[in-house]
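Student: below is the structure, and that's it, no one-letter string:
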C-alpha cells in the first residue's frame, strides 16, 4: 500500500491573503495545518512536510529595505534561510503538540535544506516568482519607482514583488531526509523551496539570490525521497479549467495526457496553478499519484475522497 507522502503546504497554511502578518496569526494557521497533518500521520502514512515562504521572505526583505540605513541588509538566500528556520520552528512545535494530544509518539524534526540550482538558469534573467505581501497597482508602481523592485499582478489577487525562480536540480540533504523517514521520523524539509545554492566543479557550494518554487522543489524532494504520493495543498479543493468563467469545471480524476493537454491550452496561470500542475504531471509520469487539494480536505483527499488526482 502507498504510504510515503510528501505534503507541500501552500501559503494559506501559514498566512492567508490580506491577513495581517503577525507571528500569532501565522502560528494559529500553522496550528490548524498541524491538525490535518497529524490526522494523515494517524492514518498510517510516513510524512514529509514542505512549505512555501513567499509572504515571509518578502516581509524579511522589506524589513531589510526599511532598516538598511541602520543594519546591513542580508542577501536573499540568507533571508530564505531565516524564513525556513522560522516556519520550521512553528511547524515542528505545533505538530509535536498535536501528536502529543492524539497520543502519538512519532518524532518530528525540521531539516535546514539547500536546493541545488544552475548558475546559468535563464530564470536569473526573467524574474517570475511572486513573494511578499499584496499591493494595489498604484502602491506597486510607487514601490517600483522608489525601490527598483520588479512587480507583477498575481492571479487577480493584487500586485507582488517577483524574483528569479530557477529550476531545482537536487535536494542537498535528501539522503539524510530519507534516513530519518525510514526510522519513523516526521521530517519538515525544503521550506520555501529550499535555500538556493550553486555547486562549483570542486564540489563546494554557495548561496544565490533567488527563490525556488516550492512545488517544483517539492517534486524533486518527493522523487529523491522515493515518495508514493505527492500532495500539494492550496486554497481550493480542486484544480479548475475555464476558471472564473461560466464554463468553469472542477477536475477530479485526470490522466497525465488530459492534464498535459490542459497545460498546452493555457488553462493554468504560471504564477498560481501552473507550477502545481507541471509538478503533478511529472510525478505521475513516474507511475505514482499526485494530488492537489485544499488543506481542510487533505485527509480525505489522500484516501481518494476529495481533491484533484493525476495518475
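Tutor: Thanks, I have the structure now. Keep in mind that what you see is a predicted model, and the values were worked out from it rather than measured. Residues are numbered from 1 along each chain as shown.

Student: helix or strand with the lowest mean pLDDT in this structure?
Tutor: Within the chain, no helix or strand scores below strand 129-135, which has a mean of 79 by mean pLDDT, DSSP states H and E.

Student: in the helix or strand that that one is followed by, what's buried?
Tutor: Next in sequence after strand 129-135, counting helices and strands by DSSP states H and E, comes helix 137-147. Using 16 or more other C-beta atoms under 10 Å as the test for burial, helix 137-147 gives 140, 143. The way it works is simple: take the backbone N, C-alpha and C, and place the C-beta from them, glycine included.

Student: equivalent analysis for stretch 192-212, please.
Tutor: If you call a residue buried by 16+ other C-beta under 10 Å, then stretch 192-212 has these buried ones: 192-199, 207-208, 210-212.

Student: what of stretch 154-161?
Tutor: For stretch 154-161, a neighbour-count test (16+ other C-beta under 10 Å) marks 154, 158, 159, 160, 161 as buried.

Student: can you give me phi and psi for the fourth one?
Tutor: Spelled out, it's residue 160. The phi and psi values for residue 160, taken as degrees, to the nearest 10, are phi -140, psi 160.

Student: need the max-distance pair from the buried residues of stretch 192-212.
Tutor: Pairwise distances across the buried residues of stretch 192-212 (C-beta to C-beta) peak at 19.3 Å, for the pair 192 and 199.

Student: domain parsing for this structure?
Tutor: As given by the TED database, the domain ranges for the chain are 4-117+167-310, 128-163.

Student: below-threshold pLDDT in the stretch 101-250 of the chain: ranges please.
Tutor: Along the stretch 101-250 of the chain, segments meeting pLDDT under 70 are nowhere present.

Student: tell me where the stretch 151-300 of the chain has strands.
Tutor: Using DSSP state E, counting those that start in this stretch, the strands of the stretch 151-300 of the chain run over residues 151-153, 159-163, 170-171, 186-188, 195-199, 205-207, 229-234, 239-241, 249-251, 253-254, 289-294.

Student: report the angle between the second one and strand 129-135.
Tutor: Relative orientation of strand 159-163 and strand 129-135, computed by axes from the mean of the first three to the mean of the last three C-alpha atoms, to 10 degrees: 150 degrees.

Student: for stretch 5-24, measure first residue to last.
Tutor: Start-to-end span of stretch 5-24 (C-alpha to C-alpha, to the nearest Å) is 28 Å.

Student: so how far is it off the chain centroid?
Tutor: 10 Å (C-alpha atoms, centre = their mean, to the nearest Å).

Student: what comes up buried for it?
Tutor: Those would be 5, 6, 7, 8, 9, 10, 11, 12, 13, 14, 15, 21, for stretch 5-24 by 16+ other C-beta under 10 Å.

Student: can I get those in JSON lines with distance to residue 167?
Tutor: JSON lines is the format used below for the buried residues of stretch 5-24 (distance: C-beta to C-beta, whole Å):
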{"residue": "5", "distance to residue 167": "23"}
{"residue": "6", "distance to residue 167": "18"}
{"residue": "7", "distance to residue 167": "22"}
{"residue": "8", "distance to residue 167": "16"}
{"residue": "9", "distance to residue 167": "21"}
{"residue": "10", "distance to residue 167": "20"}
{"residue": "11", "distance to residue 167": "21"}
{"residue": "12", "distance to residue 167": "25"}
{"residue": "13", "distance to residue 167": "24"}
{"residue": "14", "distance to residue 167": "24"}
{"residue": "15", "distance to residue 167": "26"}
{"residue": "21", "distance to residue 167": "29"}
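
Student: and these as a markdown table, adding distance to residue 280 and pLDDT?
Tutor: As requested, the buried residues of stretch 5-24 are exported to a markdown table (distance: C-beta to C-beta, whole Å; pLDDT from 0 to 100):
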| residue | distance to residue 280 | pLDDT |
| --- | --- | --- |
| 5 | 14 | 97 |
| 6 | 12 | 97 |
| 7 | 14 | 97 |
| 8 | 10 | 95 |
| 9 | 15 | 93 |
| 10 | 14 | 81 |
| 11 | 18 | 72 |
| 12 | 18 | 71 |
| 13 | 18 | 84 |
| 14 | 21 | 89 |
| 15 | 24 | 85 |
| 21 | 29 | 86 |
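
Student: for residue 120, state which of the residues you listed is nearest.
Tutor: Out of these, the member with the shortest distance to residue 120 (by C-beta to C-beta) is residue 8, at 26.8 Å.

Student: ok, for the closest one, nearest residue in space, not its chain neighbours?
Tutor: residue 218 (3.8 Å; C-beta to C-beta, 6 or more residues apart in numbering).

Student: how near is the one you found to residue 194?
Tutor: Per C-beta to C-beta, to the nearest Å, residue 218 is found 10 Å from residue 194.

Student: quick one: the helices in the stretch 1-150 of the chain?
Tutor: Per DSSP state H, counting those that start in this stretch, the stretch 1-150 of the chain carries helices over the ranges 23-42, 54-67, 76-101, 137-147.

Student: for residue 296, find the nearest of those helices.
Tutor: With C-beta to C-beta as the measure, helix 23-42 is the member of the helices of the stretch 1-150 of the chain nearest residue 296 (7.3 Å).
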